[in-house]
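[1] Need a 3D model of the sequence below.
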Amino acid sequence: MGIFSRTRDIVAANFAELLDKAEDPAKMIRMIILEMEETLVEVRASAARTIADQKEMRRHIAKLEQLESNWTEKAELALSKEREDLAKAALVERQKASDMADQLKAECGVLDDALRASEEDIAKLQGKLREARNKQNAIATRLETANNKARLREMWNGPKTHEAFSRFDVLERRVDEAEGRAEAMGLGALPKSLEEEIAELKAADKVDAELAAMKARLSKKEG
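    The predicted structure follows:
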């Protein structure tokens, strides 16, 4: 069973209210659009049949009008030959053709009204269909956003994330231990005595003197 029973129901439909009541809004909007598209096809098919009927009626009207003209000529001919009886018979046939043409014209007017109504219905249906498709796009966007949020939360709270942070904790612990060992090596070391510091200065002077002598020898050789 469809959501709507006729074009008027679709035009009057409040999509927001229908979607709020639906357990699955995405499925509901798909069903709405499908039914609207089917209704639009039916209304257009009906309009096409109306147009075809109009064309056929207008052809018959044209033939009847031509027949009226022919009977008028025949009546005039009979009257010119002093055959009043034949003239009257011709006029009777002309009236039959005229009456039938008038009837078809009236029916054609009814079809004109029906076609205008169909045209209005098609315009309204197309407007509602655009509205429904916009709703569908909005729902799809919201659904995609919600799914992305769910995936991010699952990723953040998932076992892989916890495992990665556990590895970081292990690495930080190793760094702490290495730093602790380096600091521990300096613990308990005695400060240098005055004699040791002076001896280091003398040793440094001796190295500087040897370096200067070496540079001097190299300069002589090059000279």
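[2] Could you pull up the residues touching residue 65?
    For residue 65, the contact set (Cβ atoms under 8 Å, 6 or more residues apart in numbering) comprises 97, 101. Heads up, the C-betas are built off the backbone N, CA and C, glycines and all.
[3] Pull up the per-residue confidence for it.
    According to the prediction, residue 65 has pLDDT 95.
[4] Can we start the residue count at 255 from this point?
    Will do, 255 is the new start, and the previous item becomes residue 319.
[5] any idea how far it lies from residue 358?
    As defined by Cβ to Cβ, to the nearest Å, residue 319 lies at a distance of 10 Å from residue 358.
[6] ditto for residue 453
    Counting by Cβ to Cβ, the gap from residue 453 to residue 358 is 134 Å.
[7] Helix or strand: which one has the residue nearest to residue 283 when sequence neighbours are not counted?
    Counting by Cβ to Cβ, 6 or more residues apart in numbering, the nearest residue to residue 283 once its immediate chain neighbours are dropped is residue 390, at 4.7 Å. Assigned by DSSP states H and E, residue 390 belongs to helix 338-411.
[8] Who are the packing partners of that helix?
    Packing partners of helix 338-411 (3 or more Cβ pairs under 8 Å, 6 or more residues apart in numbering; DSSP states H and E): helix 261-266, helix 269-275, helix 279-334.
[9] center of this structure, which residue is that?
    By Cα atoms, centre = their mean, the chain has its centre lying nearest to residue 391, at 4.3 Å.
[10] In this protein, where is pLDDT below threshold?
    Residue ranges of the chain with pLDDT under 70: 255-257, 259-260, 397, 400-425, 436-446, 476-477.
[11] domain ranges for it?
    261-411, 448-477 (automatic domain parsing).
[12] Serialize the helices and strands packed on helix 338-411 to CSV and add fields for distance to residue 374.
    CSV is the format used below for those (distance: least, Cβ to Cβ, whole Å):
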stretch, distance to residue 374
helix 261-266, 10
helix 269-275, 20
helix 279-334, 10
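[13] sorry, back to before: tell me the contacts of the residue nearest to residue 283?
    280, 283-284, 287.
[14] By neighbours, which of the residues you listed wins?
    Within the contacts of residue 390, most neighbours by other Cβ atoms under 10 Å means residue 283, with 22 neighbours.
[15] so what's that residue up against?
    Residue 283 neighbours (Cβ under 8 Å, 6+ apart): 269, 273, 386, 389-390, 393.
[16] which of the residues you listed count as buried?
    For these, a burial check counting by 16 or more other Cβ atoms under 10 Å picks out 269, 273, 386, 389-390, 393.
[17] now those in a markdown table, with distance to residue 368?
    Formatted as a markdown table, those follow (distance: Cβ to Cβ, whole Å):
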| residue | distance to residue 368 |
| --- | --- |
| 269 | 28 |
| 273 | 34 |
| 386 | 26 |
| 389 | 31 |
| 390 | 32 |
| 393 | 36 |
